[in-house]
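S.K.: could you work out the structure for the sequence below:
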Amino acid sequence: MKNGIKSFLGALAIAGAAAIPSAQAKETINVGICVSWPGYAMLKVAQEKNLVPDYDMNITIFEDPLGGHSALAAGQIDVYGCTADYIPLTVDSGTDVVNVAFMNPSYGVDHIILAPDVKPEELPGKKVSAPQAYIGHLLMGLWLDSQGITPDQVEWVNLNADEAVGPMLSGDLSAAYMYEPWISKVLEAMKGAHSVVNTADPAMLKTGIFMDSLFMNKDFIAKNRKAAVAMLKARWDGLGYWHDHTEETNALIADYLQWPLEDVGYVIGTNGKSFEGGIYMFDFDESARMCGVLDGEPPFGLANGSMADVVALTNDWWIKLGLMNNKIDAAKGIDCSLMGDLVASGYRQSFTAN
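M.R.: Predicted coordinates for the structure are as follows:
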């Protein structure tokens, strides 16, 4: 996550050159998960509960988002769950990768912590930390912008949340991107430190850019569209099972990811819909509305059919933050036709918290 855009594009180019044709039987679909995270585990639920009996899923957790994207670009995996902030990069790199659905927005996982006795207007010239080319970088940029501060007015330090704790406590940082348990550690140790923004704030939710996304290889879609639609449906069938059997499914996910059960609840919740401070699960209808293939408005003030706008906004911010040079055609980064196929078939799913 700390690698820059050049490293990302270089890894994709190498992977594309070394693409290995799949030797798997047609009925085996190779699925990737970029990191161990409950929100990405719903295809595993579908597999365990035999909700997609016509296909055998081979699921790999990469613990390396860039490595997973490289494998997807090379055709070594067919389906990939990761953050949507990579979509402009896949377009800019020209790889055969496309986003087919938004799965869930961050619903308060991600925060910006301000050091004691530091006022936002005093940040120009001071050090702020965020992991480069990741959600935290975007969140810090948008928050600074809301305070009238441009990215070039602060000194950026490329640190993830755990790496920022020490510099924050020593007074070397004035603001830092963080998530739990690091937020609590800093707030407990530094009287006066506080969160100034998080991804559950309405203004941040309305941007749509703090989102998890389902990617697919374009060649996989073209050659095996039936399987591609089946994988998309399986993801939401798994989500529906979680909604209807939340306690059981959270235990399944905890066992799969080797997470404490309580921590799974702190991400996806125990009510079958969301956890404020974690993530909010789009049901199928909400995601289809983001794609613009089903009537009605998505939640959080997002517009019907706004996926391309979200990708374009993310692209704009990568340019503002100095990590991209090119303005891309956002429409090339998404393919909502699979969602459209499911809508046309009559598939629907709408639910609220239990």
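S.K.: doesn't residue 177 lie inside a strand?
M.R.: Yes - counting by DSSP: H, G, I helix; E, B strand; the rest coil, residue 177 is located in a strand.
S.K.: can you give the domain ranges for this structure?
M.R.: Domain assignment of the chain by automatic domain parsing yields the ranges 5-106+207-344, 111-198.
S.K.: now the ones you listed in CSV, with distance to residue 350 and mean pLDDT?
M.R.: Where you see a C-beta, it was placed from the backbone N, CA and C, and this is true even at glycine. Output for these, formatted as CSV (distance: least, C-beta to C-beta, whole Å; pLDDT from 0 to 100):
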stretch, distance to residue 350, mean pLDDT
domain 5-106+207-344, 4, 92
domain 111-198, 27, 96
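S.K.: reformat these as a markdown table; add mean neighbour count.
M.R.: Converted to a markdown table, the domains of the chain look like this (neighbours: other C-beta atoms under 10 Å):
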| stretch | mean neighbour count |
| --- | --- |
| domain 5-106+207-344 | 20 |
| domain 111-198 | 18 |
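S.K.: including distance to residue 352, could those domains go into TSV?
M.R.: Below are the domains of the chain laid out as TSV (distance: least, C-beta to C-beta, whole Å):
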stretch	distance to residue 352
domain 5-106+207-344	6
domain 111-198	23
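S.K.: right, and residue 124 touches residue 154 too?
M.R.: Yes - with contacts counted by C-beta atoms under 8 Å, residue 124 reaches residue 154, the gap being 6.4 Å.
S.K.: is residue 293 in contact with residue 336, as I believe?
M.R.: Yes - using C-beta under 8 Å, residue 293 is in contact with residue 336, at 5.5 Å.
S.K.: beta-bridge partners for residue 29, please?
M.R.: residue 57 (DSSP bridges).
S.K.: grab the longest helix from the chain for me.
M.R.: helix 225-244 (DSSP state H).
S.K.: show me what the helix or strand just after that one is packed up against.
M.R.: The element immediately downstream of helix 225-244 (helix or strand, assigned by DSSP states H and E) is helix 246-257. On a contact count with 3 or more C-beta pairs under 8 Å, 6 or more residues apart in numbering; DSSP states H and E, helix 246-257 meets helix 42-48, helix 225-244, helix 261-268.
S.K.: give me the distance between helix 246-257 and the centre of its chain.
M.R.: 20 Å (C-alpha atoms, centre = their mean, to the nearest Å).
S.K.: residues in contact with that helix?
M.R.: For helix 246-257, contacts defined as C-beta atoms under 8 Å, 6 or more residues apart in numbering pick out 36-38, 41, 44-45, 48, 61, 241-242, 259-261, 263-265, 268-272, 354.
S.K.: now with 6 Å, please.
M.R.: With contacts defined as C-beta atoms under 6 Å, 6 or more residues apart in numbering, helix 246-257 is touched by 36, 38, 41, 44-45, 242, 261, 264, 270, 272.
S.K.: now do the helices in the stretch 51-200 of the chain.
M.R.: Applying DSSP state H, counting those that start in this stretch to the stretch 51-200 of the chain gives helices spanning 65-73, 87-93, 135-146, 161-169, 182-189.
S.K.: out of the ones you listed, flag the one nearest residue 81.
M.R.: helix 65-73 (8.7 Å; C-beta to C-beta).
S.K.: and the closest one, what does it pack onto?
M.R.: helix 5-17, strand 79-83 (3 or more C-beta pairs under 6 Å, 6 or more residues apart in numbering; DSSP states H and E).
S.K.: one more time with 8 Å, if that's ok
M.R.: Secondary elements touching helix 65-73 (3+ C-beta pairs under 8 Å, 6+ apart): helix 5-17, strand 28-33, strand 79-83, helix 87-93, strand 97-107, strand 211-217.
S.K.: just the CA trace of the second one, in PDB.
M.R.: Output of strand 28-33 as PDB, limited to C-alpha atoms (Å, rounded to 0.1, in the frame of the first residue of the first chain):
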ATOM      1  CA  THR A  28     -13.000 -23.500 -11.600                       C
ATOM      2  CA  ILE A  29     -13.000 -19.700 -11.100                       C
ATOM      3  CA  ASN A  30      -9.900 -18.100  -9.500                       C
ATOM      4  CA  VAL A  31     -10.900 -15.500  -7.000                       C
ATOM      5  CA  GLY A  32      -8.500 -13.100  -5.300                       C
ATOM      6  CA  ILE A  33      -8.900 -11.000  -2.100                       C
END
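S.K.: what angle separates that strand from strand 79-83?
M.R.: For strand 28-33 against strand 79-83, the angle by axes from the mean of the first three to the mean of the last three C-alpha atoms, to 10 degrees is 10 degrees.
S.K.: from residue 36, how far out is residue 62?
M.R.: 9 Å (C-beta to C-beta, to the nearest Å).
S.K.: who wins for proximity to residue 345 among the helices and strands packed on helix 246-257?
M.R.: helix 225-244 (8.3 Å).
S.K.: and that closest one, what does it pack onto?
M.R.: Using 3+ C-beta pairs under 8 Å, 6+ apart, helix 225-244 sits against strand 28-33, helix 42-48, strand 97-107, strand 211-217, helix 218-223, helix 246-257, helix 284-291, helix 337-344.
S.K.: now those as TSV including distance to residue 171?
M.R.: Compiled in TSV, these are given as follows (distance: least, C-beta to C-beta, whole Å):
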stretch	distance to residue 171
strand 28-33	38
helix 42-48	42
strand 97-107	28
strand 211-217	34
helix 218-223	49
helix 246-257	36
helix 284-291	42
helix 337-344	49
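S.K.: for residue 175, which of the ones you listed is the nearest?
M.R.: Closest approach to residue 175 among the helices and strands packed on helix 225-244 is made by strand 97-107 (18.4 Å; C-beta to C-beta).
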